[in-house]
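Asker: Structure here, sequence nowhere to be found:
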């Protein structure tokens, strides 16, 4: 962790203040020139603060495609969190003392509010920092650290590989800091479900199995990556074979003396603490301050003040509405039976599955690519802003692949040097039905996450921090909205695929019910599974993986449907207000052109746009 020196911060502030500000107009209101000046000054100030904040995370710099602090890994300790929070408090004090919100443009006011919002949410989460599960089957340092080394740490020359080895040596420290945080949480009664401990141990063993650790004739994931990057340097004439041997030996030492012992400690702790976990998995209501913790997690995910009860009732209503649409498609395809029988006819039906072979897996990936090609051709009819970054479709790396786990998107770099990636879990093709392929592809890629995140990263009219911000309700709400939008763009011409679209939507509606059921109403894992199976067509293997995801990530799954409903609400509000003047491209550019926003801020942005359009 390294903040900018104080004298550099002071110099930046002084430099900004040395400009000669335009005077106000006679009425006392700020002139257009003054608003422009103050907003530009704020943007410069926020960019400087964002750059300071990046010094807390060398890994984030790498993910952004940068190579400064390339030999370091973040400080994951609680004390480091305290330092960062103190820094953020100081920036907000400076923001409020150095800028008058009333002198800013509308976009400038949004930036001002968002920076303060970041502190508000950080302060609200501070009392609960020992309530979440540090390690679980969905994510954690045990998987994202090796994934980052493999996918984000580019090696273009010898110095990059030297930095790679330095990071391998740092990895053990970072993992131990995370383990210490898990142990602190456990000391206060916070224990992950037993299935999660089992998965963490399994995933960790996969990282340290194979050469140079032993246990397999194959190379371990990190060693295979190191060797491949060295081979590319040799092939490119950047180093000779003798230097490659020296660097390979250095990587081997780092892996065996830093990485392996830390993973062994994590595995030993996970296996020991497993006994302290409840035999029957349920939600966080059972934890100390569990109800308050869950309320804050809902606020973080939805960016609203909705209560668990309100979200639960919304979910029940949406499930009923979507089931009525499903009945229509069931009748369209001529199925004679109940909706639940129709669900059962789709689950595990070989007609709707790719073969569980390498050819079947490649067919899944290629079919996704073909659907993207069809939607891309129609993007200019629905969007003015288009992403510059490319999109690739890949299978998840073997060491972190799980049967039935959710597909996901990984953003590329802002400069386009690394494309966005749609990752697919293909280890168990019985959990990957054809009827769901199209809707998941649209959600994760185009016009979903890849579209939204790439456009956001490429924005030049807002401060840098707004190109990287993430709010679940906005980001995932857009992804779910994009599934429905893709139908308007010509997707889902097959009724079974359209049923898959509704299956995706009801899946997110069910999440509102089961997430609140698990974490607020005392439901067990099995109760949540049975509700899901009774009300949606998702396969049992995928349902069980999903419910386990909700258990270890309280509240996160609720943002999708709530965000989608807000996008639809705002679009219909704009259409009703503007009538024939409503332009779907301008609407999409408005909601995407400011980056990811809390839903209340997004609503204000759209209302302002409607007012401006109406005044023309």
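Answerer: That came through, no problem. Everything quoted here is computed from the prediction, not taken from an experiment.

Asker: For residue 282, grab phi and psi.
Answerer: Dihedral angles of residue 282 (phi, psi; degrees, to the nearest 10) stand at phi -150, psi -160.

Asker: The nearest residue to it once chain neighbours are set aside: how many residues sit nearby?
Answerer: Of all residues beyond its chain neighbours, the one nearest residue 282 is residue 524 (5.1 Å), with distances taken as CB to CB, 6 or more residues apart in numbering. Just so you know, the C-beta spots here come from the backbone N, C-alpha and C atoms, and that holds for glycine as well. Here the count is done by other CB atoms under 10 Å, and residue 524 has 17 residues near it.

Asker: Kindly report the same for residue 43.
Answerer: For residue 43, the count of nearby residues is 20 (other CB under 10 Å).

Asker: and the strand or helix carrying it, which residues are buried?
Answerer: Using DSSP states H and E, residue 43 falls within helix 32-54. Going by neighbour count (16 or more other CB atoms under 10 Å), the buried part of helix 32-54 is 34-35, 37-39, 41-43, 45-46, 48-50, 52-54.

Asker: same question, stretch 272-287
Answerer: Buried positions in stretch 272-287, judged by neighbour count with 16+ other CB under 10 Å: 273-274, 277, 281-285, 287.

Asker: picking up where we left off before, so which residues make contact with the very next helix or strand once past the helix holding residue 43?
Answerer: Sequence-wise, the next helix or strand downstream of helix 32-54 (DSSP H and E) is helix 58-63. With contacts defined as CB atoms under 8 Å, 6 or more residues apart in numbering, helix 58-63 is touched by 54, 67-70, 72-74, 148, 152-153, 411, 413.

Asker: so which pair among those is furthest apart in space?
Answerer: By the measure CB to CB, those have their two most distant members at 72 and 411, which lie 21.5 Å apart.

Asker: Buried members of the contacts of helix 58-63 into ChimeraX, please.
Answerer: Entered in ChimeraX, the line below selects the buried ones among those, by 16+ other CB under 10 Å:
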select :54,69,70,72,73,74,148,152,153,411,413
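
Asker: which one among the contacts of helix 58-63 gets closest to residue 118?
Answerer: residue 54 (14.1 Å).

Asker: what number of residues lie near the closest residue to the closest one other than its chain neighbours?
Answerer: Leaving aside its sequence neighbours, residue 54 sits nearest to residue 61 (CB to CB, 6+ apart; 5.6 Å). Residue 61 has 19 neighbours, counted by other CB under 10 Å.

Asker: so what pLDDT did residue 61 get?
Answerer: On pLDDT, residue 61 comes in at 96.

Asker: The one 5 residues further on now?
Answerer: Predicted confidence (pLDDT) for residue 66: 93.

Asker: so it sits in a strand?
Answerer: No - Residue 66 is assigned coil when assessed by DSSP: H, G, I helix; E, B strand; the rest coil, not a strand.

Asker: The residue nearest to residue 282 reaches residue 283, doesn't it?
Answerer: No - the pair residue 524 / residue 283 is not scored as a contact, 9.0 Å apart, by CB atoms under 8 Å.

Asker: Can you measure across stretch 125-140, start residue to end residue?
Answerer: From its first residue to its last, stretch 125-140 covers 18 Å (CA to CA, to the nearest Å).

Asker: Could you list the low-pLDDT ranges of the protein?
Answerer: Low-confidence segments of the chain (pLDDT under 70): 1-28.

Asker: Please enumerate the strands of it.
Answerer: Taking DSSP state E as the test, the strands found in the chain are 391-395, 408-410, 420-424.

Asker: Need the winner for burial among the ones you listed.
Answerer: Most buried of these, by mean neighbour count (mean count of other CB atoms under 10 Å): strand 420-424, with a mean of 23.

Asker: packing partners for that one?
Answerer: With contacts defined as 3 or more CB pairs under 8 Å, 6 or more residues apart in numbering; DSSP states H and E, strand 420-424 has these neighbours: helix 358-376, strand 391-395, strand 408-410, helix 449-457.

Asker: ok, it: who's next to it in the sheet?
Answerer: Each strand that pairs with strand 420-424, with its direction, by DSSP bridges: strand 391-395 (parallel), strand 408-410 (antiparallel).

Asker: circling back: make CSV from the helices and strands packed on strand 420-424 and add distance to residue 425 to it.
Answerer: Formatted as CSV, the helices and strands packed on strand 420-424 follow (distance: least, CB to CB, whole Å):
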stretch, distance to residue 425
helix 358-376, 10
strand 391-395, 8
strand 408-410, 9
helix 449-457, 16
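
Asker: Nearest to residue 499 among those would be which one?
Answerer: Taking CB to CB, helix 358-376 is the member of the helices and strands packed on strand 420-424 nearest to residue 499, at 15.9 Å.

Asker: Just the terminal-to-terminal distance for stretch 127-141.
Answerer: Across its full length, stretch 127-141 reaches 22 Å end to end, with CA to CA as the criterion.
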